[in-house]
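Student: output the structure for:
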Amino acid sequence: MEPVFDGVRGVLYPPMHLGIKWDIAGLEHIPTDGPVILASSHSSYLDPLALGYFATKRGRRTRFLTKDELFDKRVLGGVLRRCGMISVSRGTSAAAGSLVEAEQSLHAGRCVAVFPEGTISLDLDPMVGKTGTARLAAATGAPVVPIGLWGLHRILFKGRKPRWRSGIAEVVRIGEPISIAATDDMLDATDRIMTAICAQVGAARAAYPQVPKPEEGDWWVRGPETAVLRSCRT
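Tutor: Numbering: from 1, shown residues only. Next up, the predicted model:
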């Protein structure tokens, strides 16, 4: 499993390193060993690569909760399985089973990455969080590290033509770990996780160093003030 993971990393990560202008703060909040849940905002198809890339700076191989339809693709599915990725059957009764596999990874001391919103936000602001991240943390005792990503949606965003250009900035803000107890209310815990993610998204937007180019338009621009909690209780 690890040789496959390292081989894929060797192919995909160099473009992330050479082509992107990174601004990463808070990396010290990701522990270098032991179980941890990386809970990130999600605005680009490249977000998993971004998480995996900077997690390696802390010596972590990241396992992602990945939608199950990707595992049905002949080549990609095989790679995902051999890299230890975790299939999620979103919106079905089988979704709970994916948490069992994720729990096993965490009990083995691994780093598991999740996007609590479940999908890319079409309006680019953080959406309502799903309770799975909180339940996973409560069941395993693993800390939840909130992460805000901003910039790669300019290259690859849902519903827009891909535009790979070298030099696009990606700002990453990583917050202090959050502890979720088994006795916590899972809706409250989910909102607490999403509040922390929103704060990191706001910080990433505030630090973003680039402005729209005329040929690109300003569709991708959002201010820190709109990165606010949408409660799962409403």
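Student: start and end of stretch 203-211, how far apart?
Tutor: Taking C-alpha to C-alpha, to the nearest Å, stretch 203-211 runs 16 Å from one end to the other.
Student: ok, stretch 204-214 next?
Tutor: In stretch 204-214, first residue to last residue: 23 Å (C-alpha to C-alpha).
Student: ditto for stretch 25-32
Tutor: Per C-alpha to C-alpha, stretch 25-32 runs 16 Å from first to last residue.
Student: how close does the most centrally placed residue in the chain get to Leu65?
Tutor: The centre of the chain sits closest to Ser40, judged by C-alpha atoms, centre = their mean, with a distance of 3.6 Å. From Ser40 across to Leu65, the span is 11 Å (C-beta to C-beta, to the nearest Å). C-beta here means a position set from N, CA and C on the backbone, and glycine is covered the same way.
Student: any residues in contact with both of those two?
Tutor: Shared contacts of Ser40 and Leu65 (C-beta atoms under 8 Å, 6 or more residues apart in numbering): Ala113, Val114, Phe115.
Student: adding pLDDT, write those out as JSON lines.
Tutor: JSON lines is the format used below for the shared contacts of Ser40 and Leu65 (pLDDT from 0 to 100):
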{"residue": "Ala113", "pLDDT": "93"}
{"residue": "Val114", "pLDDT": "93"}
{"residue": "Phe115", "pLDDT": "93"}
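Student: and the closest residue to Gly132 other than its chain neighbours, how far from Leu51?
Tutor: In space, Gly132 comes closest to Leu99 once its chain neighbours are excluded; the distance is 6.1 Å by C-beta to C-beta, 6 or more residues apart in numbering. Distance check for Leu99 against Leu51: by C-beta to C-beta, it reads 19 Å.
Student: which one of the two is surrounded by more residues?
Tutor: Between Leu99 and Leu51, counted using other C-beta atoms under 10 Å, the more crowded position is Leu51 (24 against 18).
Student: give me the distance from the regular element (helix or strand) spanning the more buried one to the chain's centre.
Tutor: Assessed by DSSP states H and E, Leu51 sits inside helix 47-55. Centroid separation for helix 47-55 versus its chain: 8 Å, with C-alpha atoms, centre = their mean, to the nearest Å.
Student: try stretch 204-217
Tutor: Chain-centre distance of stretch 204-217: 21 Å, with C-alpha atoms, centre = their mean.
Student: adjust the sequence numbering to begin at 74 for everything that follows.
Tutor: With the count now opening at 74, the last piece we talked about shows up as stretch 277-290.
Student: give the buried residues for that stretch.
Tutor: Residues of stretch 277-290 classed as buried: Ala277, Arg278, Ala280, Tyr281 (neighbour count, 16 or more other C-beta atoms under 10 Å).
Student: returning to what we had before: just the shared contacts of Ser113 and Leu138: which are in strands?
Tutor: Mapping the shared contacts of Ser113 and Leu138 onto strands (DSSP state E) picks out Ala186, Val187.
Student: ok, Ala262 to Gly205 distance?
Tutor: According to C-beta to C-beta, Ala262 and Gly205 sit 11 Å apart.
Student: repeat that for Asp291.
Tutor: With distances taken as C-beta to C-beta, Asp291 is found 34 Å from Gly205.
Student: same question, Val245
Tutor: Distance check for Val245 against Gly205: by C-beta to C-beta, it reads 23 Å.
Student: which one's more surrounded, these two?
Tutor: More neighbours surround Val245 than the other of Val245 and Gly205, with 25 against 21 (other C-beta under 10 Å).
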